[in-house]
Each structure stands twice: as structure tokens, then as C-alpha cells.
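> need coordinates for the below:
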Amino acid sequence: MRRICILGSTGSIGTQTLDIIRQHPDKFEAHTLTAGSNAELLIRQAREFNPDTIVIANEDKYDLVRDALSDLPIKVYSGAQALCEVVEAAPIDTVLTAMVGFAGLPPTVHALKAGKAVALANKETLVVAGEAIMRLAIENRCPILPVDSEHSAIFQSLNGEQHNRIEKILLTASGGPFRNCTVQELQGVTAEQALRHPNWTMGAKITIDSATMMNKGFELIEAKWLFGLPAQAIEVVIHPESVIHSAVQFEDGAVIAQLGTPDMHLPIQYALSYPARLPLPGARLDLFSLGALHFEQPDTSRFPCLRLAYEAIARGGSAPCVLNAANEIANFRFREGGIGFMDIPRIIEETLARVPFVPAPTLDDYPAINREARLVAARLTGSLKK
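Residues are numbered from 1 along each chain as shown. Down below sits the predicted model:
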């Protein structure tokens, strides 16, 4: 029995993780559940899974949650500091980090310092502080198990290949809903259109990141740290069917890939059950009905966020942290209708140019860098008209 703490249990990854726990109650236990503001769903989850502990990050909703669960022996906490403290609980075996954005970094640091295995769905943790996080994991002998479908595919493709040299990683991308749009057409894209992903069902923020291809930029930075490769050895491949989730090419030219239907349950379950594979209901890949697979090179003139990610990881230091912070602000402002779709990369690029560069930040430096970048990006979004 593995006791799981889910950071972000009410989001897309969190609810699918609870599906896995529901299907395998003899293997997994939901020990701790946390949410940002969705108190109503957190309450329903707590009543179904009866966890030891829950946290609602929004302190204004603490009384609501506490009172709704007063008849159950569940410990209820609130606030960002509580998120960091609950991951350290002795019974927890694995912390699944499904929070969105920079907010996922501090509790992940605390989980690693407490010696917990981390099932990583919060890619921003490695985007912002990849070197420091991987060093913490090594020092504390904590496995970091990837939950993103692409990184899980790479992880699975590397099974049994630990001593063989990787030539490059083929990181696949669906291309999003605007794969065939011109720059002119992209200028008029609305948030409603960008939130309609052709293959995956995800939260709003990551869906917009997929549409701009910033999500793929984050994933290449994440892959660099997870698999110890330079960014130039990670090749992004547009694959609209989303059947090949990613692949590894070795020095003899062999390419090993992981294929499957576009369903996040598999990578989530594999991260929780590794090295075992457990039964998983759901659709199976049918190559006969699929018929054909297609591959394209990404166009960074139409999707400059991917170029900005390559440039940020090449520069290193504080640049990826600034990249992430500016994107969080620009993504949000686009979703609320304040800026246009193609303003997102412009704001990110300008923020990178304006925020002072820190060549070797420590974990203690990142909160201040994040705050400064968010302030700069917020000022820039205010000066732009949609």
C-alpha cells in the first residue's frame, strides 16, 4: 500500500489520480489532498476517500471546508505554508505534484528534503529551478517520476537502457488547435478558440500553453533536467495524432518509442506503481483504424514561445524562472481578454530583456526573481491593448 499526497487534487491531473486510487484501493491510499480554491470539490473528495489530511490553500475558504467535514476525523489546514508542511508527514510515500505554476515549487522542495518520492506533474518546478531540484533529489535519494505523458514515454523508453548513450530525444507535440494557422490568423485568436485542444482535456492554463507551444518549451527544459541532456539534443516533433508520446534515439540509430491513446491515466498510474504495471481499463490503441501517422517540424516564426524556451535554457541562470513568470501573467491576461494571442510571446520576450539576469541563483533567490518578473510582465500587459 502506497500512501499518496496529491498537491492539486481538484485539477485535471489530481482528479485522474483519484481515478487510479479508486481503481486500485489495495495498492494506493489517498493520505493527503490539497486544493487551491475549489472547496466544494475538495469536500466531496474528502468524503469519498476519507484522507488523513486536507489543505485548502485559499484561507478565506478554511471555515467552509472545516465545518463541512466536522463530522469526520480529517485534519483540515489552510494556506501556502500548510502545503509545504503536510508533504513532510511520515506516512506519505509519494507526493504527486499537480499544482499549476510557480506555486508548485516550494512544496516540492519540502517533499524532497523530507525524503519523499515525487511524481512530478508540475513542470514549472524543473523549468524554474531544475538544477537545484535535481541536486536535492540526488542528495536525499528521492526518485522523481515523470507524470507528463511525454516524459513518461521517454522514461519508459529508457527502461533497461541506462548504460547506453542517448543520441537525442524526440519530444512530440500535437501542434495544438492552430497548427495550420498563419501569423495573420493567429493575431485574431480568442481564448475560447485556444481552449479547444484537439486531443487532450487539460486545465485552462496548460491548454493555452499548448496552443502557444510554450508548454512544449517547458517540456524540453524539463527533459533536459530529468534525463541529463543538453537542449540541442532534444528535438521537438509535431505529431498531430498524439499517438507516439515521445521517443529516444540511441547512438546506433535505434529509436524506441512509447505509443498509446491520448489518456493521462496511464502515465499517472505508471508514476505511482513503478516499476510495476497495473491493469488499466480504457480504450486501447488500434493501429488498423489509425491508418497513418504524421510528423512536421515546428515553426518558431508562428510559435515564438518555443524559440524563447530554447533561448532561456541556453542562457541558464534566472532566465527560465523569468520565462515562466512572464508566461503565467501573459497566459492569464489572455484568458481574461486583456491581451491578444500573439502578445503572449511579445510580453515574455520583453520581460526577459528587462529583468536583471542572475547567473547562478539559489533556491532562496527564486521567489524574488519570480516576483520581479511578474511585476514587469503585469506592467507590460497593462500597456498593451487587445
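> now find how far off-centre stretch 364-375 is within its chain.
What separates the centre of stretch 364-375 from the centre of its chain is 20 Å, taken as C-alpha atoms, centre = their mean, to the nearest Å.
> now do stretch 39-50
That offset, for stretch 39-50, works out to 23 Å (C-alpha atoms, centre = their mean).
> who touches it?
Residues outside stretch 39-50 that contact it (C-beta atoms under 8 Å, 6 or more residues apart in numbering): 9-10, 15, 18, 21, 30, 33-35, 51, 54, 56, 58, 61, 64-65, 68-69, 72, 74. Heads up, the C-betas are built off the backbone N, CA and C, glycines and all.
> repeat for stretch 365-375
Taking C-beta under 8 Å, 6+ apart as the rule, stretch 365-375 contacts 102, 105, 128-129, 318, 321-322, 324-326, 328-329, 351, 355-356, 358, 361.
> which of the contacts of stretch 39-50 fall within helices?
Among the contacts of stretch 39-50, the members falling in helices (DSSP state H) are 15, 18, 21, 64, 65, 68.
> domain parsing for this structure?
2-147, 149-301, 316-386 (automatic domain parsing).
> those: which one's closest to residue 307?
Nearest to residue 307, of all the domains of the chain, is domain 149-301, at 4.0 Å by C-beta to C-beta.
> quick one: distance of that closest one to the chain centre.
The chain centre lies 12 Å from the centre of domain 149-301; the measure is C-alpha atoms, centre = their mean.
> in the host helix or strand of residue 108, what's buried?
Per DSSP states H and E: residue 108 is located in helix 105-113. Buried positions in helix 105-113, judged by neighbour count with 16 or more other C-beta atoms under 10 Å: 105, 106, 107, 108, 109, 110, 111, 112.
> same question for stretch 346-359.
347, 348, 349, 350, 351, 352, 355, 358.
> how about those in JSON lines, adding pLDDT, distance to residue 198 and secondary structure?
Shown next, in JSON lines, are the buried residues of stretch 346-359 (pLDDT from 0 to 100; distance: C-beta to C-beta, whole Å; DSSP: H, G, I helix; E, B strand; the rest coil):
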{"residue": "347", "pLDDT": "97", "distance to residue 198": "26", "secondary structure": "helix"}
{"residue": "348", "pLDDT": "98", "distance to residue 198": "24", "secondary structure": "helix"}
{"residue": "349", "pLDDT": "98", "distance to residue 198": "27", "secondary structure": "helix"}
{"residue": "350", "pLDDT": "98", "distance to residue 198": "30", "secondary structure": "helix"}
{"residue": "351", "pLDDT": "98", "distance to residue 198": "30", "secondary structure": "helix"}
{"residue": "352", "pLDDT": "98", "distance to residue 198": "30", "secondary structure": "helix"}
{"residue": "355", "pLDDT": "98", "distance to residue 198": "34", "secondary structure": "coil"}
{"residue": "358", "pLDDT": "97", "distance to residue 198": "39", "secondary structure": "coil"}
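> TSV for those, including distance to residue 341?
Output for these, formatted as TSV (distance: C-beta to C-beta, whole Å):
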residue	distance to residue 341
347	11
348	13
349	15
350	16
351	17
352	19
355	23
358	30
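> who are the neighbours in contact with residue 170?
Per C-beta under 8 Å, 6+ apart, neighbours of residue 170: 235, 237, 246, 247, 248, 249, 255, 257.
> heading C-terminal from the host helix or strand of the third one, find the next helix or strand.
With elements delineated by DSSP H and E, residue 246 resides in strand 244-250, which encompasses its position. Following strand 244-250 in sequence order, the next helix or strand is strand 255-259 (DSSP H and E).
> list the strands paired with the strand holding residue 246, with their directions.
strand 166-173 (antiparallel), strand 255-259 (antiparallel) (DSSP bridges).
> got the contact list for that strand?
149-154, 157-158, 161, 164-172, 255-260, 267, 293.
> pLDDT below threshold where in this structure?
199-201, 384-386 (pLDDT under 70).
> can you pull out the strands in it?
2-7, 28-35, 53-56, 75-78, 94-97, 117-120, 144-146, 166-173, 234-238, 244-250, 255-259 (DSSP state E).
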